[in-house]
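1. Let me see the structure of the following:
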Amino acid sequence: MKKRIFVLYTGGTIGMQQSGQGLQPDTALAGSALQPYADQLDFDWHIMQPLIDSSALTVQNWRDWLAILAEKIPQYDGILVLHGTDTMAYTANLLALALQGLDKPVVLTGSQLPFNAPDSDAPHNLAAAVALLECDDTPQVSIVFNGKQYPAVGSSKVSTETAAGFDNPHFGALAEWTATDGWKRVAEARLPDAVAPKLRLPDTAAKVVCHTLIPGFAATALAESLDTGRAGAVIVQSYGHGNAPDDAGFIEAVRRYTGRGGLLLNISQAAQGCVAAVYAQGSALRAAGAVSGGKCNLETATALLTLALSEGWTASQLADELQRLRLTETAPA
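-> I've put the predicted structure just below:
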């Protein structure tokens, strides 16, 4: 019997058509894009209303999509999510963390050019995604793009200029695909420690912000934001292994923020950076209550903190989840 695949079409460049204001999402993609594969798999489409440009993504979108997926996953052999590239990595990370105990493959893909555009990468990406769903039953969320499969956790959009739009700097590609040879596994899946099936729904009231440290005024501005802002969780993109200025005002602001229950996750600006207790320069930030994010990238950090706020995690619970995901090896200092 053919596998049954549920297709969640959220919008994005892959199905866009030209308008007077530029490219806009369109429903026409559903009528033809997967027809060439109808003899291999059975597809059931769900077209979101409205379709969105993924730069307009909200937490409510995530909630809506998760509600649909939670209902459909038990009924199908796999899930294909068609998504815009701008925030695809954010959604992939959120799905990977929210769909606890997943037992089916969930594949996200899209394209840099519309499906019907000259030299579009969309048909290639769709062919690869379909081939993966046909041959692989690994229960994980992954991104398929430019002939590669990337694990959701750790993936980022890295280019708007080439077909190689995505990468996973820490964990690399899981498999590579060509139309002639099909999929070839190049690395084992990094599945987190097993957990009981559970759906984590993000709360639209969860307020997460990100601050990037740069030399100069940034630490002072961040300190002011921690004291006056309304964010329940803050991502700090620090330097290297998690190093940051040990300016007394900045460190005290971090201490006040974490002391009143705010979650502050310290991640590296480096694409392949790992926050760890390596340099003394980072010790003051750790001592002030910042959680060390290890190999956590921005997209993973955003999804993780959104869910942490939604479920009322403590800093200790956040650190435990980072270990479960194998982003930190030992308890952060």
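
2. so how far is L69 from G84?
-> Remark: distance between G84 and L69 (Cβ to Cβ, to the nearest Å) = 17 Å. Every residue, glycine included, has its C-beta placed from N, CA and C.

3. I should have written A280 there, sorry.
-> Using Cβ to Cβ, A280 is found at 45 Å from L69.

4. And the two? Which one has more around it.
-> L69 (22 against 9; other Cβ atoms under 10 Å).

5. Can you get me a residue count around the closest residue to S120 other than its chain neighbours?
-> Leaving aside its chain neighbours, S120 sits nearest to L113 (4.2 Å; criterion: Cβ to Cβ, 6 or more residues apart in numbering). L113 has 16 neighbouring residues, counting by other Cβ under 10 Å.

6. helix, strand or coil for L113?
-> Three-state call for L113 (DSSP: H, G, I helix; E, B strand; the rest coil): coil.

7. Can you show me the helices along the stretch 101-250 of the chain?
-> Taking DSSP state H, counting those that start in this stretch as the criterion, the stretch 101-250 of the chain contains helices spanning 122-135, 218-228, 248-259.

8. is it true that the residue nearest to S120 touches D119?
-> Yes - using Cβ atoms under 8 Å, L113 is in contact with D119, at 7.1 Å.

9. check contacts around the spatially most distant residue from the centre of the chain.
-> Largest separation from the mean C-alpha position in the chain: A248, at 34.1 Å (Cα atoms, centre = their mean). Contact partners of A248, counting by Cβ atoms under 8 Å, 6 or more residues apart in numbering, are absent.

10. With L304 as the reference, measure out to it.
-> Separation of A248 from L304 (Cβ to Cβ): 29 Å.

11. K198 now?
-> Going from K198 to L304 by Cβ to Cβ gives 16 Å.

12. ok, these two, which is more surrounded?
-> When K198 and L304 are compared for neighbours, L304 comes out ahead with 28 against 9, by other Cβ under 10 Å.

13. Quick check, pLDDT for that one.
-> According to the prediction, L304 has pLDDT 98.

14. can you tell me which residues contact it?
-> Contact partners of L304, counting by Cβ under 8 Å, 6+ apart, are N93, L97, L265, C296, L318, E321, L322.

15. redo that, cut-off 10 Å
-> Neighbouring residues of L304 by Cβ atoms under 10 Å, 6 or more residues apart in numbering: 93-94, 97, 153, 208, 233, 235, 263, 265, 291, 293, 296, 313, 318, 321-322, 325, 327.

16. pretty sure it is in a helix, no?
-> Yes - under three-state DSSP, L304 falls within a helix.

17. Could you report the separation of it from E311?
-> L304 is 11 Å from E311, where distance means Cβ to Cβ.

18. Next: T328.
-> 19 Å.

19. With neighbour numbers in mind, choose between the two.
-> Per other Cβ under 10 Å, whichever of T328 and E311 has more neighbours is T328, with 22 against 13.

20. State the number of residues packed around the closest residue in space to S142 that isn't next to it in sequence.
-> Among residues not flanking S142 along the chain, Q149 sits closest, at 5.2 Å (Cβ to Cβ, 6+ apart). Per other Cβ under 10 Å, the neighbour tally for Q149 reads 28.

21. and Q149, bridged to which residues?
-> Beta bridges link Q149 to V144, A175 when assigned by DSSP bridges.
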